[in-house]
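Novice: I'll drop the sequence and a predicted model, then ask my questions.
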Amino acid sequence: MVDSAKREPQRLNLRPDVEVGPPVVEIRNLWTRFGRTVVHQDLNLKIYAGEILSIVGGSGTGKTVLLRQMLGLEKPSRGEVVVFGEDISSAQPEDLQRMRNHWGMLFQQGALYSALTVFENIAQPMRELHALPDDVIRDAVLLKMNMVGLGVEHANKMPADLSGGMVKRAALARALALEPQLLFLDEPTAGLDPDLSDAFVALIQTLHRELKLTVVMVTHDLDTLFALSTRIAVLADKHVVAVGPTCDVIQVDHPFIKQFFLGPRGRRALEVLDERVKNESEK
Ligand SMILES: Nc1ncnc2c1ncn2[C@@H]1O[C@H](COP(=O)(O)OP(=O)(O)OP(=O)(O)O)[C@@H](O)[C@H]1O
């Protein structure tokens, strides 16, 4: 039996090669209010280049809103959201559009346009630049499809004709269309069965490593969380109550952390992780 709460820092999720430079994303003293409801209160968070930072928290703690604020889709009531050194909470729409070209996003819903083929879905962010000739777009789309393991025979299919796993891959290819440095993932493995989920996690790991991406992820899925995160930020009590590598965060004495990580599901996922760490160290 794994003593999850007292485990030593393990190797799988720690990336000693992540360089600590200036943060890619910095959230400073952020407040979010909807009417009289305060969702975030004086929230601070820094995300560094090359890491996979996962945000977890109970339902309604404001994870999705925070992600949307990082993307400039919503403005906080107070505070700053600085991405690549620019405060996007006060950026002009044209500046936001320019900045968005440096990041990709994979949303749980609305991942693909249902009326466009796979090819056109992936091509669409490139077409919006109005600067690339068709043959360059064609080659780039095929390259992205190859990158995510989607065969060229799927290029002319409609999203409705794809399996759940293939939809995710196509949406990931579209998120990577403009070669972003920063990738936002909202519940990337939701709706996938365990085998497809494992395969998708492995794909994200490979792309993260090869493309040197910084990834910000929201997930409820503990297997995905443990397999991918270099650090975890826990949202509770309207702010970030803990942030750090998995092994440190699970030891923090907070009711949500205890219930989320150290309940039966959390322990099972930690055991799987433990097994993987052991296998990796025996290689
Ligand atoms: N546009 C809005 N107007 C009013 N309230 C909103 C709006 N957007 C979000 N909220 C509220 O803010 C809170 C945080 O919502 P959010 O969707 O970010 O939670 P979450 O942590 O992502 O939850 P879940 O894990 O259930 O998806 C919720 O209470 C939600 O009802």
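Specialist: Looks like it arrived, so ask away. Numbering: from 1, shown residues only.

Novice: who does the nearest residue to residue 107 once chain neighbours are set aside bridge with?
Specialist: In this structure, residue 107 finds its nearest non-sequential neighbour in residue 186, 5.0 Å apart by Cβ to Cβ, 6 or more residues apart in numbering. The C-beta positions use only the backbone N, C-alpha and C, and glycine is treated the same way. Assessed by DSSP bridges, residue 186 has beta-bridge partners residue 218.

Novice: Could you tell me which residues make contact with residue 186?
Specialist: If you count contacts by Cβ atoms under 8 Å, 6 or more residues apart in numbering, residue 186 has them with 64, 67, 105, 106, 107, 108, 217, 218.

Novice: Mark which of those residues are part of strands, please.
Specialist: 105, 106, 217, 218 (DSSP state E).

Novice: surely the last one meets residue 63?
Specialist: Yes - between residue 218 and residue 63 there is a contact under Cβ atoms under 8 Å: 4.7 Å.

Novice: intersection of neighbour lists for these two?
Specialist: Taking Cβ under 8 Å, 6+ apart as the criterion, residue 218 and residue 63 both touch 55, 56.

Novice: so where is this protein shaky, pLDDT-wise?
Specialist: For the chain, applying pLDDT under 70 flags the ranges 1-20, 109-110, 277, 280-281, 283.

Novice: so residue 150 touches residue 167, yeah?
Specialist: No - using Cβ under 8 Å, residue 150 makes no contact with residue 167, being 10.1 Å away.

Novice: Which residue of those two possesses the greater neighbour count?
Specialist: residue 150 (22 against 19; other Cβ atoms under 10 Å).

Novice: which residues does that one contact?
Specialist: 118, 166, 169, 170, 173.

Novice: what about the first one, how many neighbours?
Specialist: Neighbour count for residue 118, taken as other Cβ under 10 Å: 27.

Novice: Over to the last one?
Specialist: The local packing count at residue 173 equals 26, with neighbours defined by other Cβ under 10 Å.

Novice: Now do the buried residues in the helix or strand in which it is found.
Specialist: Residue 173 belongs to helix 164-175 when assigned by DSSP states H and E. Going by neighbour count (16 or more other Cβ atoms under 10 Å), the buried part of helix 164-175 is 165, 166, 167, 168, 169, 170, 171, 172, 173, 174, 175.

Novice: what about the first one, distance to residue 43?
Specialist: Applying Cβ to Cβ, to the nearest Å, the value for residue 165 to residue 43 is 34 Å.

Novice: now the fourth one
Specialist: According to Cβ to Cβ, residue 168 and residue 43 sit 29 Å apart.

Novice: Report the two of the contacts of residue 150 separated the most.
Specialist: Pairwise distances across the contacts of residue 150 peak at 10.3 Å for 166 and 173 (criterion: Cβ to Cβ).

Novice: Strands of the chain, residue ranges please.
Specialist: Under DSSP E, the chain gives strands at 25-34, 37-47, 52-57, 78-83, 86-87, 103-106, 182-186, 214-218, 231-236, 239-244.

Novice: so which of the ones in strands among the contacts of residue 186 comes closest to the ligand?
Specialist: Closest approach between the ones in strands among the contacts of residue 186 and the ligand, by Cβ to the nearest ligand atom: residue 218, at 6.8 Å.

Novice: Number of residues surrounding that closest one?
Specialist: Neighbourhood size, residue 218 [other Cβ under 10 Å]: 20.

Novice: Residue 97 now?
Specialist: Neighbour count for residue 97, taken as other Cβ under 10 Å: 12.

Novice: hmm, back to that, for my notes, please list the contacts of residue 186 in TSV and give distance to the ligand for each entry.
Specialist: Formatted as TSV, these follow (distance: Cβ to the nearest ligand atom, whole Å):
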residue	distance to the ligand
64	3
67	8
105	15
106	15
107	12
108	9
217	13
218	7
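
Novice: In JSON lines, list these along with distance to residue 25.
Specialist: Shown next, in JSON lines, are the contacts of residue 186 (distance: Cβ to Cβ, whole Å):
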{"residue": "64", "distance to residue 25": "16"}
{"residue": "67", "distance to residue 25": "11"}
{"residue": "105", "distance to residue 25": "13"}
{"residue": "106", "distance to residue 25": "16"}
{"residue": "107", "distance to residue 25": "18"}
{"residue": "108", "distance to residue 25": "20"}
{"residue": "217", "distance to residue 25": "12"}
{"residue": "218", "distance to residue 25": "14"}
